[in-house]
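Chemist: 3D, please:
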Amino acid sequence: MAIKSPLTETNQDVFNNYIIGEHSLSKLAFVYIFSFLIYSISWFCLWNISRYLSPDILLAGLLLPTGLKLITFTLAPRSLWHLFMISELFIVAGLLYLLGESEHENLLFMFVFLPYIIAIPFSHYWKHLVTYWQKLLALSAVTILYSLVCGLALLLLANPLNLPFSYVFSATISALTGGILLAPFLYLLYDYLQHKLWLPLSPILIHQEIRLRPSAIIWGIGFFSIGLIAELTLLETMKPLVLLIILLPNIFMAYKYGWQGGVLAGVINSILLTTARQITGTFESDQELQIFMTSQALVGLGLGIAISRQYLLSEQLQRVNCDLAMELSNKQQLTQQLVQAEENIRKSVARELHDEIGQNITAIQIQAMLAGKVSRDKNSQDIATTINTLALRIHSSTRQLLTQLRPHSLDELGLEDAIRQLSAEMRFADRRIDFKLNFGLSATKLDDITAVTLYRIVQELLNNVSKHAQASEVKLSLLPGEVFTLELRDNGIGLPEQWQNKGQGLKGIKERTSALGGKIRIQTREVQADQHQQSTTRLTNLKTSYPGTLITIHLPIKAFSSAD
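Modeler: Numbers count the residues shown, from 1 in each chain. The predicted structure is shown next:
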């Protein structure tokens, strides 16, 4: 169910607010007189134009005036409907008095009231429509319904009035053609004026961009000229090609300008078809001309609605993608801040352990040694020795804990030498493992958080290789570029089956990589997995014959500081 926005007012609400807010009888009279005159002039002009397409008075009244009546009853406040009906009654009475030739033309009085009956339920439905394509489809549906009601009414009166079935069919087609052709076009003008003129002058100061531009008129006139020249110059045997040429403006204008271009092309093409028929007599009957006009108008309207809706969905998708990208960026920044906070806490705890506990342990060792030397009692000496041994263990555990909290080698030696020392501690050479390090990155371009994160990633990768790979060759490369690359290769036995669910080492590496906004790719003898950690985490397993294991980590350049 559509919810009415407090900023959105119906046409009836606007009209009522205007009348209630202004207690001037003269202004009220001006509104009614102006509405009466403009509707009367428009209805008569459209009926007069329709006489060129259909000489019959009734059929002419059902042609273009139908579009005017439907759009007027749809958009105008209900308090003006009776005024429009009175205006049409006066015009119809005058026309029948001056030009009436047959009894069935008196049926024009009946068609004055039919739109009113249909517009009452339709106006309630129209208020809940929000988007342009819903409104255009609703206008098309009510036009088809009205034309069928007109045809049914004439069909019921066919026998009493001796009307042929062809006349009933002509009346139905006339109402359908006029409604499909003119109602969307008048709604186009209303939509343009409303968004271009009225809304910026309203208190809420809303302004929406108008798709329809003067270039659309130029394109339409250009296609109109091409079609008319083709109609006048092509040989008689090639005249069917003109009908295909006439459809080109609908397709092009709908593609370029959406529903507005499709509606405009339909009107221009109708003028072209009418002009061509008057000059060359292309269509054999009025019904044939009107059917083709209706068909090309529906083609333009349908294509325009579809393309405009596609544009709208595309814009909505772009906005959603922008929102997701912004949300992802915010999450990555938050993750980086969390990583930085974690490292700061680790650094602080490591400093406290080194400064406080380290000194206290050293003091305990000194006191234990002094107590052992001073004491003559063997039990006291044994206790002092035990205290010294326990202090050494605590000292060793503390050093190991300090290394886990904050690698001192990274602070003292830098990332490259710290990685070399790490490989030495793992005794690759003693175990006959050929370890090669290709460090192609300038360490000065790394900020502190990124350097620590890379060190921990390398530490976990080398630890996994040392324990599980059974490799004889290990190559670690750190390569610079717009996207920094860390690559680890080994010729070991590869990862076991379902390795994604085993252990926490690789999961920790993926989390650290994601924190820096990067992605990781793992290829192994058994399976190959891709993980792109950007908007979502996606994991795909594919069989491969890669020897050993290849782990590639890509990090965006924004993860590094810009200082040289």
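
Chemist: how many residues are close by Tyr190?
Modeler: For Tyr190, the neighbour count with other CB atoms under 10 Å is 15. The C-beta positions use only the backbone N, C-alpha and C, and glycine is treated the same way.

Chemist: that one: which element?
Modeler: helix 165-193 (DSSP states H and E).

Chemist: give me the buried stretch members for that helix, please.
Modeler: By neighbour count with 16 or more other CB atoms under 10 Å, helix 165-193 contains the buried residues 167-168, 170-188, 191.

Chemist: same question for stretch 277-292.
Modeler: So for stretch 277-292, counting by 16+ other CB under 10 Å, buried means 277, 282-283, 286-287, 289-290, 292.

Chemist: what about the stretch 51-200 of the chain, any weak spots by pLDDT?
Modeler: Low-confidence regions of the stretch 51-200 of the chain, defined here as pLDDT under 70, cover residues 195-200.

Chemist: also the stretch 301-450 of the chain?
Modeler: Checking the stretch 301-450 of the chain against pLDDT under 70 turns up 354-355, 402-404, 406, 442-445.

Chemist: helices along that one, start to end?
Modeler: Under the criterion DSSP state H, counting those that start in this stretch, helices of the stretch 301-450 of the chain are mapped to 358-374, 378-405, 408-413, 415-425, 448-464.

Chemist: try the stretch 51-200 of the chain
Modeler: 57-62, 64-75, 81-99, 108-126, 132-156, 158-161, 165-193, 199-201.

Chemist: turn the ones you listed into JSON lines, including distance to Gln470.
Modeler: As requested, those are arranged in JSON lines below (distance: least, CB to CB, whole Å):
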{"stretch": "helix 57-62", "distance to Gln470": "90"}
{"stretch": "helix 64-75", "distance to Gln470": "79"}
{"stretch": "helix 81-99", "distance to Gln470": "89"}
{"stretch": "helix 108-126", "distance to Gln470": "74"}
{"stretch": "helix 132-156", "distance to Gln470": "64"}
{"stretch": "helix 158-161", "distance to Gln470": "96"}
{"stretch": "helix 165-193", "distance to Gln470": "73"}
{"stretch": "helix 199-201", "distance to Gln470": "74"}
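
Chemist: Leu25: how many residues sit nearby?
Modeler: Leu25 has 8 neighbours, counted by other CB under 10 Å.

Chemist: okay, it: pLDDT?
Modeler: The per-residue pLDDT reported for Leu25 equals 73.

Chemist: that one and Ile251, how far apart?
Modeler: In this structure, Leu25 and Ile251 are 53 Å apart, going by CB to CB, to the nearest Å.

Chemist: figure out how far the strand or helix carrying Ile251 is from the centre of its chain.
Modeler: Applying DSSP H and E as the criterion places Ile251 in helix 239-280. Chain-centre distance of helix 239-280: 31 Å, with CA atoms, centre = their mean, to the nearest Å.

Chemist: helix 64-75 and that one, what's the angle between them?
Modeler: Between the axis of helix 239-280 and that of helix 64-75 there is an angle of 100 degrees, by axes from the mean of the first three to the mean of the last three CA atoms, to 10 degrees.

Chemist: I'd guessed Leu392 sits against Gln365; true?
Modeler: Yes - Leu392 sits in contact with Gln365 when judged by CB atoms under 8 Å, with a separation of 7.2 Å.

Chemist: neighbour-wise, which of the two wins?
Modeler: Gln365 (18 against 14).

Chemist: which non-adjacent residue is nearest that one?
Modeler: The shortest distance from Gln365 to any residue that is not its chain neighbour, by CB to CB, 6 or more residues apart in numbering, is 4.7 Å, and that residue is Ala391.

Chemist: rewinding a little: closest to Val339 out of the helices of the stretch 301-450 of the chain?
Modeler: Ranking these by their distance to Val339 (criterion: CB to CB) puts helix 448-464 first, at 6.0 Å.

Chemist: what does that closest one rub up against?
Modeler: Outside helix 448-464, the residues that touch it by CB atoms under 8 Å, 6 or more residues apart in numbering are 336, 339-340, 343, 406-407, 410, 415, 418-419, 422-423, 426, 443, 446, 474, 476, 478, 486, 488, 505-506, 508-509, 512-513, 515-516, 551, 553, 555, 559-561.

Chemist: ok, and for that helix, which residues are buried?
Modeler: Judged by neighbour count (16+ other CB under 10 Å), helix 448-464 contains these buried residues: 449-462, 464.

Chemist: and the residue nearest to Gln365, how close does it get to Phe109?
Modeler: Using CB to CB, we find Ala391 at a distance of 114 Å from Phe109.

Chemist: the two - which one has more neighbours?
Modeler: When Ala391 is set against Phe109 and neighbours are counted by other CB under 10 Å, the residue ahead is Ala391, at 20 against 13.

Chemist: who are the contact partners of that one?
Modeler: Ala391 neighbours (CB under 8 Å, 6+ apart): 361, 364-365, 368.

Chemist: let's go with 6 Å and repeat that
Modeler: Neighbouring residues of Ala391 by CB atoms under 6 Å, 6 or more residues apart in numbering: 361, 364-365.
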